[in-house]
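>>> Fold the stuff below for me.
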Amino acid sequence: MTLVEVQVPDIGDFDEVTVIELMVKVGDTVKAEQSLITVESDKASMEIPSSTAGVVKEMRVALGDKVKQGSIVLVVEAAGAAAAVSAPAAAPVSAAVAAPVAAPAAAAAVAPVAAVASGPIEVHVPDIGDFKDVAVIEVFVKPGDTIKVEQSLITVESDKASMEIPSSHAGVLKELKVKVGDTVNIGDLLAILEGSVAVAVAPVAATAVASAPAVAAPAAIATVAVAVLAAPAHAPGAPTLGLPHASPSVRKFARELGVPLEEVKGQGPKGRITQGDVQTFTKAVMAGATQTKAQAAKAPAGGGGSELGLIPWPKVDFAKFGPIERKEMGRIKKISGANLLRNAIMIPAVTNHDDADITDLEAFRVSTNKENEKSGVKVTMLAFLIKACVAALKKYPEFNSALDGDALVYKNYWHIGFAADTPNGLMVPVIRDCDKKGVLQISQEMGELAKKARDGKLGPAEMSGATFTISSLGGIGGKYFTPIINAPEVAILGVCKSTMEPVWDGKQFVPRLMLPLSLTWDHRVIDGAAAARFNAFLGQILSDFRRVLL
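Numbers count the residues shown, from 1 in each chain. Here you go, the predicted model:
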């Protein structure tokens, strides 16, 4: 094995560039041409590849360091005899540079031409090195703009480098021939200018950079960067440009994930976005901790109203009326709020109110808990409600369905969601296969899920797949309310605090424990008669739980 020092290759007419990203670490196995670091000038960012395959033994640069041609990046233990040998410099793929600031030898490579004719002037993509079909990722100018010589017109990007393409002439931009997303090559028509003086510059406004050639396979060497020499006529990185401050590989990674890079906050040097930043942003969106602008536009918090043709939401300076305190809503409320708004607007919901006599059922529940004190499982009325709802859902299967376009999907499983009040907001855990479980098992699972909800440990799988939901206000109070359907479900049952009431039995008024029921249903799927029957059947089961066995 041989230790090889990997150096910065010829990166064009740069004195020093800043290391802004480390892409490997000690112990990593690298391949020839694998990107090691990202460096940046005022006009381009580029990834420096390895000239050798092997294992990284030592890093010689750190973030923020300045490097130039010949600087040692790292030390690699080469993989074999055929491994590439580091060279202090590689022959540039294209050696033509801008005449005004190039070395005399480079200036001699091109013959400057003075053109004084007015009229349409074509600006073509110059020699950008060994690149093919590079993507246009940013456009700096628009028709009507006055363009200076060497002013950057567009930014293009390969998988290894991003670079700004300058104008070879001065004049007024009459027509731009490319747009964001197009791919271009050397010689492609970029723009048409109208000008009285067109000062021709070197056919190449950039120097292409190649990595040090490998001894075994010099033909495999790829160009990795292009740098424009003249000072830019615009301000790179200014907010108006909108291009995220990230390396090409990070931008490619974000595109693959569908991440809007302009919304990611960079934690790297000078606010640069790293791959870790993209991953953190993705996890936050998946967890519901943040929303993309596209998501927010679909379900605006607070409701703008314009999407529905409504007058704008009132904007009020509340502080002018008295003291105020502003607090941001929690993550769960932000997520649930958007869903509730959609469901409340899009579902033609109707609510039926009814009462169920649970006198005997409550007595049975109390006696069951006394008999099972040692088990540690406390049976709640909600557990009985879940079993009763399963029976009603089986009798009236449209309540256990979902809309799919113009079709109804009837589900042959009964997963019941229940609303759990937590310090962070309302959550809906789901108990699966309730038809196959007894009241004791349902009570146990309900207690476990409710605790996980309060502790903030519920996973997405434990809150998905419900076919019907019960929202219980338990012992808090109230009589009736209108719960909002949890789409794509088509119905939801709301229950409030049971109260002892006088009920006429045909001869006299007797005290009975009555449970208020509020059934909200989607009128696209269910009609009023079916809803009334569902509530009546549910009340019968709760008044005589033996009906569950029928």
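>>> Tally up the residues packed near L517, please.
Neighbours of L517 under the rule other C-beta atoms under 10 Å: 20. Heads up, the C-betas are built off the backbone N, CA and C, glycines and all.
>>> okay, it: pLDDT?
If you check L517, the pLDDT there is 96.
>>> Pull up the gap between K174 and L190, please.
Remark: distance between K174 and L190 (C-beta to C-beta, to the nearest Å) = 12 Å.
>>> More neighbours: the two, which one.
Legend: neighbour count by other C-beta under 10 Å for K174 and L190, higher for L190 (20 against 14).
>>> Enumerate every residue touching that one.
If you count contacts by C-beta atoms under 8 Å, 6 or more residues apart in numbering, L190 has them with V123, H124, V125, L153, I154, I165, L176, K177, V178, V184.
>>> buried stuff in the lengthiest strand in the chain?
Ranked by residue count, the top strand of the chain under DSSP state E comes out as strand 509-522. Using 16 or more other C-beta atoms under 10 Å as the burial criterion, the residues of strand 509-522 that qualify are R512, L513, M514, L515, P516, L517, S518, L519, T520, W521, D522.
>>> Tell me the one of these nearest F534?
Using C-beta to C-beta, L519 is the member of the buried residues of strand 509-522 that sits closest to F534, with 6.5 Å.
>>> any low-confidence regions in this protein?
Residue ranges of the chain with pLDDT under 70: 1, 12-14, 42-43, 79-118, 129-130, 159-160, 196-243, 270, 287-288, 295-308.
>>> helices or strands next to the longest strand of the chain in the packing?
Applying 3 or more C-beta pairs under 8 Å, 6 or more residues apart in numbering; DSSP states H and E, one finds that strand 509-522 contacts strand 349-357, helix 359-371, strand 491-495, strand 499-504, helix 528-543.
>>> winner for burial among the ones you listed?
strand 491-495 (a mean of 25; mean count of other C-beta atoms under 10 Å).
>>> can you give me how far stretch 324-335 is from the chain middle?
Centroid separation for stretch 324-335 versus its chain: 21 Å, with C-alpha atoms, centre = their mean, to the nearest Å.
>>> got TSV for the contacts of L190, with distance to Y396 too?
Shown next, in TSV, are the contacts of L190 (distance: C-beta to C-beta, whole Å):
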residue	distance to Y396
V123	71
H124	72
V125	68
L153	67
I154	63
I165	67
L176	63
K177	64
V178	61
V184	63
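>>> quick one: the helices in this protein?
Assigned by DSSP state H, the helices in the chain fall at 104-107, 248-257, 275-287, 293-298, 331-346, 359-371, 381-395, 439-454, 528-543.
>>> Tell me which of the ones you listed lies nearest to M46.
Each of these has some distance to M46 by C-beta to C-beta; the shortest is helix 248-257, at 8.3 Å.
>>> Report the buried residues of that closest one.
Result for helix 248-257 [16+ other C-beta under 10 Å]: buried residues P248, S249, V250, R251, F253, A254.
>>> so the fourth one sits right up against E157, yeah?
I take that to be R251. Yes - taking contacts as C-beta atoms under 8 Å, R251 lies within contact range of E157: 6.9 Å.
>>> Quick check: neighbours shared by these two?
Counting by C-beta under 8 Å, 6+ apart, the contacts common to R251 and E157 are I137.
>>> related to what we said a few turns ago, for H353, state which of the buried residues of helix 248-257 is nearest.
Checking the buried residues of helix 248-257 against H353 by C-beta to C-beta gives A254 as the nearest, at 51.0 Å.
>>> List the residues that contact the closest one.
Under the criterion of C-beta under 8 Å, 6+ apart, the neighbours of A254 are P244, A246, P260, L261, V264, I273, V278.
>>> Let me know the closest of these to Y396.
Ranked by distance to Y396 (C-beta to C-beta), the contacts of A254 are led by P260 at 44.6 Å.
>>> Any idea how many residues pack against that closest one?
Using other C-beta under 10 Å, the number of residues around P260 comes to 13.
>>> right, and it touches Q291 too?
No - applying C-beta under 8 Å as the test, P260 and Q291 come out as separate, 11.0 Å apart.
>>> check contacts around the residue nearest to V26 when sequence neighbours are not counted.
Nearest residue to V26 in three dimensions, chain neighbours excluded: V56, at 5.3 Å (C-beta to C-beta, 6 or more residues apart in numbering). By C-beta under 8 Å, 6+ apart, the contact list for V56 reads V24, K25, V26, G27, D28, T29, V30, L74, V75, V76.
>>> Highest neighbour count among the residues you listed?
Highest neighbour count within the contacts of V56: V76, with 30 neighbours (other C-beta under 10 Å).
>>> show me what contacts that one?
The contact partners of V76, by C-beta under 8 Å, 6+ apart, come to L3, V4, V6, V30, S50, T52, A53, G54, V55, V56, K57.
>>> same check, this time on K452
Taking C-beta under 8 Å, 6+ apart, we find K452 in contact with P429, L458, E462.
>>> again, 7 Å this time
Neighbouring residues of K452 by C-beta atoms under 7 Å, 6 or more residues apart in numbering: L458.
>>> and it, how far is that from W313?
K452 is 36 Å from W313, by C-beta to C-beta.
>>> ok, back up a step: and for the longest strand of the chain, what's in contact with it?
Under C-beta under 7 Å, 6+ apart, the answer for strand 509-522 is 347-359, 362, 479-483, 485, 490-496, 498-503, 531, 534-535, 538, 542.
>>> go on, stretch 30-39?
Stretch 30-39 is contacted from outside by 6, 17-24, 45-54, 56, 61, 67, 73-74, 76, 84, 160, 211, 214, 220, 222, 247, 249, using C-beta under 7 Å, 6+ apart.
>>> In strands, which of the residues you listed fall?
Per DSSP E, the subset of the contacts of stretch 30-39 in strands is 6, 17-22, 45-49, 54, 56, 67, 73-74, 76.
>>> Among the contacts of stretch 30-39, name the buried ones.
Among those, those scoring as buried are 6, 17-24, 45-54, 56, 61, 67, 73-74, 76, 84, 160, 211, 214, 247, 249 (criterion: 16+ other C-beta under 10 Å).
>>> ok, now how distant is V139 from V178?
Distance, V139 to V178, by C-beta to C-beta: 7 Å.
>>> Of these two, give the one with the bigger neighbour count.
For the pair V139 and V178, the greater number of neighbours falls to V178 (19 against 15), based on other C-beta under 10 Å.
>>> Nearest residue to the more buried one in space, please, no chain neighbours.
Spatially, and ignoring its direct neighbours in sequence, V178 is nearest to V136 (5.2 Å; C-beta to C-beta, 6+ apart).
>>> Touching, that neighbour and E157? I think so.
No - the pair V136 and E157 does not pass the contact test of C-beta atoms under 7 Å, sitting 8.2 Å apart.
>>> Quick check, H245 in contact with G271.
Yes - here H245 reaches G271: they are 5.7 Å apart, a contact under C-beta under 7 Å.
>>> neighbour-wise, which of these two wins?
A count of neighbours by other C-beta under 10 Å puts H245 above the other of H245 and G271, at 20 against 13.
>>> need the contact list for K177.
Neighbouring residues of K177 by C-beta under 7 Å, 6+ apart: L189, L190, A191.
>>> got it, and G187?
H124, V125.
>>> Can you give me the separation between it and E122?
11 Å.
>>> ditto for V6
The value you get for V6 to E122, if C-beta to C-beta is used, is 42 Å.
>>> and what of V180?
As judged by C-beta to C-beta, V180 and E122 stand 21 Å apart.
>>> again, but for D455
Where E122 is concerned, D455 sits at a distance of 67 Å (C-beta to C-beta).
>>> Then D277?
The spacing between D277 and E122, counted by C-beta to C-beta, is 41 Å.
>>> what's the answer for S51, then?
For S51 relative to E122 (C-beta to C-beta), the value is 39 Å.
>>> cool, and T2?
52 Å.
>>> ok, P269 touching G64?
Yes - judged on C-beta under 7 Å, P269 makes contact with G64 at a distance of 6.0 Å.
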